[in-house]
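Undergrad: I would like to see how this sequence folds:
(chains A and B)
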Amino acid sequence: MTTGSSMGLAEASNAAIYATMVTLAIAMVLFAASFASGRRRQTSREVARQRAFGAGDSDGGVAVLDRPESSESVDPGRRLANVAMSLTWLATGLLTLALVLRGVWAGRVPWGNMYEFSISSAWGVLVVFLALSTRRDLRWLGLFVVAPALLTLGLAVTVLYTEAAQLVPALKSYWLVIHVSAAIICAGAFTVAASSAALSIVQSRREASGRQWMGPLSAVPDAERLRTFTSRIIAFAFPLWTFAVIAGAIWAENAWGRYWGWDPKETWAFITWVVYAAYLHARSTAGWRGDRASWIAILGLVTFLINYFGVNIFVNSLHSYAGL
Amino acid sequence: MSTVSTETPAPPMDSPGFARWAWRQLTSMRVALILLFALAVASIPGSILPQRGNNPLLVDEWLAERPTLGPILDSAGFFDVYGAPWFAAVYLLLFISLIGCVLPRVGHHWRAMRGQPPAAPRNLDRMQAFTLLNVTQAPSEVVTRVEKELRGRHWRVRSSEDWISAEKGYLRETGNLVFHLALVLILVAVAIGGLFGWRGNVIVKEGNGFSNTLTQYDAWGGGRLASADSIPPFSFTLDDFAVEFERGEAQRGAPRLFEARVALQSEPQSAITEEVIQVNYPISIAGAKVFLVGHGYAPTFIVRDAQGEVVFDDDVVFLPQDGNFTSTGVIKVPDSTPQLGFQGIFLPTFALDDVRGPHSIFPDADDPSVFLSAWEGDLGLDSGIPQSIYTLKTERMEQIGLRALVPGQVWEFPQGEIEFTGWQRWSSFQIAFDPGKEAALIASVLAMAGLMVSLFVRRRRVWVRARPGDGGSTLVSIAGLSKSEAGDVSDDVREITRILTEEKGEDRP
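TA: Sure thing, here's the model as predicted:
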């Protein structure tokens, strides 16, 4: 991996990462500014659109989904958010490029060490967010998705950076592609779900206080809609996580001679699975479906992060080959 | 343990049965939730404390360092968490709760699948989605038309002259039940593997053989019902173990290739075949699988006593201590007088610094050397207490001295001499038999499929009521109710509206 052209690829990949970070940083500032500008004039169309968001979960009536045009041009907060959305698309494109270049440079999927897992997870977060944003207005969520993605990238380039190299034998398996790609998308979905769960808790506190709020949160959907949003993402991510765990078990059976051995990584994957299972149960348990369920969604992401950072760095695990 | 409580058939609203029903629902879900959390919390210590099943040596080390806390935790099963009674109690309770909840629901669901949707309620305007239409068709015409269309779209329809009640998405509950029952199957499969399966580890030096009998294993563990019949009588010789490490700048020293070439005889009388065992590519013999799990160095030594007689000539397995294969091992020479013992550090690529002392800087044997500490006295082998071949008991021995050797060098001391003649590799194999793994895989796939169906299929009801309106027109109420959490029925209501307004185009009020 020392020929001139491949070093060029490496530098190009790193440059694309930095470009991604700069773009995301600007997007984050704009999202934050838009968020802080908060309350805007609620036009009747926007009310209708807000109802359409998660329509039918509690309110009657057949809401018709219309994209408001007129109100946006007059609202500077929304204009900022629109620019930020475009920048997020750009950043995701750059990050995709960085991953592809990295993969070409290394001659394999770019999932060989923690640096690569981290930038892939940041990519997963952005992709899940953008995929969802094509179906509904998610500008209010931008700040809370771009910030963790940027943080992950920052950690990756500062602490976790590793030169690309070949895979260790234990990773040389097509299961790497299956197992890790599922985990990366889950990382994205769990992050988006936790962000919206956290927002729903803040919103429900505000709603409980009964005061009219003029601040940033007035641009965010109400608590119940946020909860519905969260639970839909988790309903998508939970089967995928189940799949990631099963794929991991099949791989483990091939590599280590047992499909489940309570290795710390496996244990925490199981804990994450159990916590999200608890979330789904909480959503249909009286007295738990509100803020408590949202806290469980946040707890789920915490267990996922403990598994990723904690187990990789501090614990002696069979999964520790990934290289810091 | 139900995923969505709202899916059970409506409770009897008018009887004390309702209270009982509600109570049962509430408690079982609550209990299931609490048990799920208990299971998550109970799993944590096993990921922090070393576990006997994964790393018994580390457990002993941990216990030795903490004489007070250690035994307390040990007696509470904290070093074998996943086999501890309290851990079993949590998951067994959870599974009892699951079965107690799921079995009655199987019956409910069976009846619901064979029955008809309940009659349309009187007031539809309180439903989740509701819309009013004015059409020119007669009420019976409306009902016939909507019923035909809904049946064509695979709704289960119940109708009378002026109303329709239809339901769709029964598969959601089917998936939910399949998922939960598949979890029970997984538990059974794991139990079968645990009871009848076995697993053993063995270190084989290059050129040496292994035959698959209990006595040949370095470590062997089997379930309570594992029988010797399930140990297939194969044998193999490790002809060659190839290993390559990264030599470039990036990730220098990271392993790139492990490959064990073995001459395999699957039964005592059968022909010998050449096989290659790699990480991720085990070989299967009669239901058992042979995995390559590790490797290391076995330096070879010749020891002569003061008279020049060879008292030891063998390769000695040294265990790797770090990623660069700084390896430690022990040579015991009971046949010399006095008995001799050596503690050794083998360094495949030698380096020395003030901080770390002698250590290896690359995992391949580029510049091998061995550091020896020689002892004389009583090895303690006659005491009858089993000893580890990797430790030297020096209580009744005296140190002779320290010396570093490269291959071919001889160290002479008053009691004799030791020659470091070279090295070879060993690899360690895990041989496993798990009769439950196929069942576990099938059950997992079933669980996965059930889960997806239960989360992605939406169960919902729609109602249509048609009654005569002003001036010969018909007033149609269309309502929908999602029976799944976070469900949306507005599309279905819109669809029925479209059925009624299309072609015969009418105004909405």
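
Undergrad: ok, for A:Glu253, nearest residue in space, not its chain neighbours?
TA: Nearest residue to A:Glu253, sequence neighbours excluded (Cβ to Cβ, 6 or more residues apart in numbering or on different chains): A:Tyr259, at 4.0 Å. Heads up, the C-betas are built off the backbone N, CA and C, glycines and all.

Undergrad: Local confidence estimate at the one you found?
TA: pLDDT recorded at A:Tyr259 is 90.

Undergrad: Low-confidence ranges, the stretch 201-350 of chain B, go.
TA: B:250 (pLDDT under 70).

Undergrad: Spell out the residue ranges of the strands in the stretch 351-500 of chain B.
TA: Along the stretch 351-500 of chain B, the segments classed as strands by DSSP state E, counting those that start in this stretch run B:357-360, B:369-377, B:397-405, B:410-413, B:416-433, B:460-468, B:474-482.

Undergrad: and whichever residue of the stretch 51-200 of chain A sits closest to chain B, how many neighbours?
TA: Here the stretch 51-200 of chain A gets closest to chain B at one residue, A:Glu163, 3.2 Å apart by Cβ to the nearest Cβ. A:Glu163 has 16 neighbours, counted by other Cβ atoms under 10 Å in any protein chain shown.

Undergrad: Name the helix or strand for it, please.
TA: According to DSSP states H and E, A:Glu163 maps onto no helix or strand at all.

Undergrad: residue ranges for the helices of the stretch 101-250 of chain A, please.
TA: Applying DSSP state H, counting those that start in this stretch to the stretch 101-250 of chain A gives helices spanning A:114-133, A:142-158, A:174-209, A:223-256.

Undergrad: Can you add mean neighbour count and give these back as CSV?
TA: CSV is the format used below for the helices of the stretch 101-250 of chain A (neighbours: other Cβ atoms under 10 Å in any protein chain shown):
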stretch, mean neighbour count
helix A:114-133, 23
helix A:142-158, 21
helix A:174-209, 21
helix A:223-256, 22
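
Undergrad: For B:Gly384, find the nearest of those.
TA: Between B:Gly384 and the helices of the stretch 101-250 of chain A, the tightest spacing by Cβ to Cβ is seen for helix A:223-256, at 36.3 Å.

Undergrad: so what secondary structure elements neighbour that closest one?
TA: helix A:174-209, helix A:264-282, helix A:291-305, strand B:288-305, helix B:437-456 (3 or more Cβ pairs under 8 Å, 6 or more residues apart in numbering or on different chains; DSSP states H and E).

Undergrad: can you list the helices of the stretch 101-250 of chain A in JSON lines and add mean pLDDT and distance to B:Gly344?
TA: What follows is the helices of the stretch 101-250 of chain A, written out as JSON lines (pLDDT from 0 to 100; distance: least, Cβ to Cβ, whole Å):
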{"stretch": "helix A:114-133", "mean pLDDT": "92", "distance to B:Gly344": "35"}
{"stretch": "helix A:142-158", "mean pLDDT": "91", "distance to B:Gly344": "41"}
{"stretch": "helix A:174-209", "mean pLDDT": "91", "distance to B:Gly344": "38"}
{"stretch": "helix A:223-256", "mean pLDDT": "92", "distance to B:Gly344": "29"}
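
Undergrad: so when I look at the residue nearest to A:Glu253, I'm seeing a helix, right?
TA: No - going by DSSP: H, G, I helix; E, B strand; the rest coil, the assignment for A:Tyr259 is coil, not a helix.

Undergrad: which residues touch it?
TA: With contact set as Cβ atoms under 8 Å, 6 or more residues apart in numbering or on different chains, A:Tyr259 has these partners: A:Ala249, A:Ile250, A:Ala252, A:Glu253, B:Asp434, B:Lys437, B:Ala440, B:Leu441.

Undergrad: One more pass at 10 Å, please.
TA: Residues in contact with A:Tyr259 (Cβ atoms under 10 Å, 6 or more residues apart in numbering or on different chains) are A:246, A:248-253, A:266, B:189-190, B:193, B:434, B:436-437, B:440-441, B:444.

Undergrad: which bits of the stretch 101-250 of chain B sit near chain A?
TA: B:125-131, B:179, B:183, B:186, B:189-190, B:193, B:197, B:199, B:201, B:243-246, B:248-250 (Cβ under 10 Å from any Cβ of the partner chain).

Undergrad: Got the phi and psi for the residue nearest to A:Glu253?
TA: Dihedral pair for A:Tyr259: phi -80, psi -20, per degrees, to the nearest 10.

Undergrad: And it, how far from A:Trp241?
TA: Distance, A:Tyr259 to A:Trp241, by Cβ to Cβ, to the nearest Å: 17 Å.
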